[in-house]
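1. build the 3D model from these lines:
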Amino acid sequence: MEQTSDWIWEIDQQGRFTYVSPQAAEITGYELVEILGHTTFDFMENAELERFQPIIEDYITQQLPFCGLEKTLIHKQGDPITLETSGSPIFDGNGVWQGYRGIARDITIRKQAEAEILRAKDLLASIFNESTDALFLVDPQTNLIQNCNQRAIELFE
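-> Got it, this is the predicted structure:
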């Protein structure tokens, strides 16, 4: 657990971190002692808190495991960091719920790349749709028209 590139964590019934692996400091910029005793909500902006809190509280209320939940925390230097987190409830020997144990992976770079792809896709769609020339997208294997812009429709109606 100490060597993984992911952040291993444990929280108590109040959602306070009781264990964080060393990678938590690398991901967040905070020292481990600055994270322990706090909740994940302490590292979120208000809009993200309002979005994420009802989602996670539903799992906690039902004491269910969760997988692949995305949340955005604020790095100590002020930059947003996106994490994909999964967790499982912890029960004591009597079956009493004690908190959660889980893992968080920094997916900030992946989310930034996805956003860039969407921007490029939107730009290409805009150029395609707003062109004054008739444009066609043709499948190179079948030579069938896959798509055309509005100008092509107007010219060939």
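2. and the closest residue to Asp12 other than its chain neighbours, what is it in contact with?
-> Excluding its sequence neighbours, the residue lying closest to Asp12 (CB to CB, 6 or more residues apart in numbering) is Gly99, at 4.4 Å. In short, each C-beta sits where N, CA and C put it, glycine included. The contact partners of Gly99, taken as CB atoms under 8 Å, 6 or more residues apart in numbering, are 10-13, 15, 18, 89-90.
3. and which of those residues is nearest Gln63?
-> Pro89 (4.6 Å; CB to CB).
4. which other residues reach the helix or strand that closest one falls within?
-> Pro89 belongs to strand 80-91 when elements are defined using DSSP states H and E. Residues from elsewhere that reach strand 80-91 (CB under 8 Å, 6+ apart): 7, 9-10, 27-28, 45, 59, 63-75, 97-108, 110-111.
5. and the buried ones among the residues you listed, selectable in ChimeraX?
-> Buried residues within the contacts of strand 80-91, by 16 or more other CB atoms under 10 Å, are selected in ChimeraX with:
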select :7,9,10,27,28,59,66,69,71,72,73,74,99,100,102,103,104,105,106,107,108,111
